[in-house]
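> fold the stuff below for me.
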Amino acid sequence: MPRKSPPLAVCGLLTLAARRVPAEGQVRAAPQPQDCEGSTAHLNRRAFLAVAAAFLATPRRVEAQPAEKISRIGVLWPLSDDPTLEAFRQGLRDLGYVEGQNLFIEYRYAQGKDDVLPDLAADLVRLKVDVIVTYGVTAARVAMGATTAIPIVNGSMSDPVAAGLAASLAKPGGNLTGLTSRSPELSAKRLGLLAEVVPGLSRVAVLTTAGRTAMLAFKETDLAARSLGVTVQALQVRGPDEFDSAFSAMARARAAALIVVPDLMFNEHRRRLVDLAVKHRLPATYFSRDFVESGGLMSYASSFTDQFRRSAVYVDKILRGAKPSELPIEAPAKFEFVINLKTAKALGLTIPPSLLLRADQLIE
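Below is the predicted model:
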């Protein structure tokens, strides 16, 4: 049976090796035709090893892989210790973003001082971040005033349409989108829950500010109170230095309970507000579970943790090319009712079993 010749490529290599590495006792000026007509017996072991070594040592061309794009996000936040910020970061991690690898975040904190927000927003614009993420109507408005080109995602805002930040929830129309907390619409629910805790509730104090979100919440609370036959005592404060006088006024008016409406300033000083409510033995309801975890009686609100994790989805869509003007502003999908039983006991309250069953969490 005739022997097969080596493949053409191997033949060429073998021929080259034979040319460069002659067999012992031979002097050859050029490759001979028979080199590729039969077996490789004409090449000795030294030649074959030389071919193999040369082939393995030859650099191979590797196609360059495109580097993964590193995105840069600007965070314009009211407080550096706000738990919602970690919820947002967790949402990013869930989507595969890793800080320092495929994502850089520029953090700018107002630390409760709204007057520094314009400078912080301008700084993020100068850095040419891909997206600016904010919290609250005030920060959103400042960010929109600083840029119309950079997309803005707001993790929680009460009523962006009424605030003039969006044309509508379905089609925002500008460079801002995100999620609404619908806090003003929840005020009636909070009053109703408080009425179940305090039998015969006839007078309730409402702690508010001059902020747009707070005033919207107060109006909703006032409307709900009229339908229930409850008198509302409005106490508007400009800062934490007016807290003591506000609670003294509640005591003089003999308010039987307290509602604290949504405002970032209240959230910043929640521990002090909770302590004052307990000191004056006022059953109180709040707009965030953070108050209840700090010793407040109860809260009913959209889940801020869920909302800010969802805001990461908006950021991801924008980084992939979506336009904020075409991303609908999302209403909250999850609500939380939290009761602090330890505080209820300290206030001498008995929580009705029906409320205990409806609560999402009981803190003991």
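> pLDDT at residue 220, what is it?
Per-residue pLDDT puts residue 220 at 90.
> start at 315, not 1
Got it, first residue is 315 now, which makes that one residue 534.
> list the contacts of the strand or helix carrying it.
Using DSSP states H and E, the element containing residue 534 is helix 526-542. Residues from elsewhere that reach helix 526-542 (CB atoms under 8 Å, 6 or more residues apart in numbering): 450-451, 471-473, 476-477, 497-499, 501-502, 504-506, 509, 518, 520, 522-523, 545-546, 548, 573, 575-577, 601. For the C-beta atoms, the positions are set from N, CA and C on the backbone; glycine is no exception.
> show me the helices in the stretch 315-464 of the chain, by range?
Using DSSP state H, counting those that start in this stretch, the helices of the stretch 315-464 of the chain run over 322-334, 359-371, 397-408, 431-440, 451-460.
> isn't residue 640 right up against residue 484?
No - counting by CB atoms under 8 Å, residue 640 does not reach residue 484; the two are 9.9 Å apart.
> lowest mean pLDDT across the helices of the stretch 315-464 of the chain, which one is that?
For these, the weakest mean pLDDT is recorded on helix 322-334, namely a mean of 44.
> setting aside sequence neighbours, what's the nearest residue to residue 600?
Nearest residue to residue 600, sequence neighbours excluded (CB to CB, 6 or more residues apart in numbering): residue 613, at 4.4 Å.
> any idea how far the most centrally placed residue in the chain lies from residue 546?
The centroid of the chain falls nearest to residue 402 when counting by CA atoms, centre = their mean (2.1 Å). Counting by CB to CB, to the nearest Å, the gap from residue 402 to residue 546 is 35 Å.
> just residue 637 next, same as before
43 Å.
> of the two, which one has the most company?
residue 546 (18 against 12; other CB atoms under 10 Å).
> excluding chain neighbours, what is closest to the more buried one?
Residue 546 sits nearest to residue 539 (CB to CB, 6+ apart), 4.7 Å away.
> what do you get for residue 420?
Using CB to CB, 6+ apart, the closest residue to residue 420 is residue 388 (4.8 Å).
> now residue 655
residue 678 (4.9 Å).
> still on that earlier bit, which among the contacts of helix 526-542 count as buried?
Neighbour counting with 16 or more other CB atoms under 10 Å marks 450-451, 471-473, 477, 497-499, 501-502, 504-505, 509, 518, 520, 522-523, 546, 573, 575-577, 601 as buried within those.
> residue 594 contacts residue 564, doesn't it?
Yes - at 6.6 Å, residue 594 counts as touching residue 564 under the criterion of CB under 8 Å.
> and these two? Which one has more around it.
Using other CB under 10 Å, the more surrounded residue of residue 594 and residue 564 is residue 564, with 24 against 15.
> show me what secondary structure element comes after the host helix or strand of the more buried one.
Using DSSP H and E, residue 564 maps to helix 557-567. The element immediately downstream of helix 557-567 (helix or strand, assigned by DSSP H and E) is strand 571-574.
> what lies in contact with that following strand?
501, 504-505, 508, 511-512, 515, 518-521, 535, 564, 580, 587, 591, 596-601, 605.
> swap in stretch 664-674?
507, 510, 511, 650, 651, 652, 653, 655, 658, 676.
> tell me what the fifth one is bridged to.
Which is residue 651. residue 614 (DSSP bridges).
> wait, doesn't it sit right on residue 507?
Yes - Residue 651 is within contact range of residue 507, at 7.3 Å (criterion: CB under 8 Å).
> next up, the contacts around residue 471.
Listed by CB under 8 Å, 6+ apart, the contact partners of residue 471 are 450, 451, 454, 477, 479, 492, 493, 494, 495, 527.
> out of the residues you listed, which end up buried?
Looks like the contacts of residue 471 have 450, 451, 454, 477, 479, 492, 493, 494, 495, 527 buried, using 16+ other CB under 10 Å.
> if I read this right, residue 608 contacts residue 588, doesn't it?
Yes - counting by CB under 8 Å, residue 608 does reach residue 588; the two are 5.1 Å apart.
> who has more neighbours, the two?
Taking neighbours as other CB under 10 Å, residue 608 and residue 588 compare with residue 588 leading, 23 against 17.
> for the strand or helix carrying that one, which residues meet the burial criterion?
Per DSSP H and E, residue 588 falls inside helix 584-593. Buried residues in helix 584-593, counting neighbours by 16+ other CB under 10 Å, are found at 584, 587, 588, 590, 591, 592.
> and the contacts of that helix?
521, 554, 557-558, 561, 572, 574, 580, 597-598, 600, 602, 604-605, 608-611, 657, 660-661.
> do that again at 7 Å, thanks
If you take CB atoms under 7 Å, 6 or more residues apart in numbering as the criterion, helix 584-593 is touched by 554, 557, 561, 572, 574, 580, 598, 604-605, 608-610, 657, 660.
> that helix to helix 557-567, inter-axis angle?
20 degrees (axes from the mean of the first three to the mean of the last three CA atoms, to 10 degrees).
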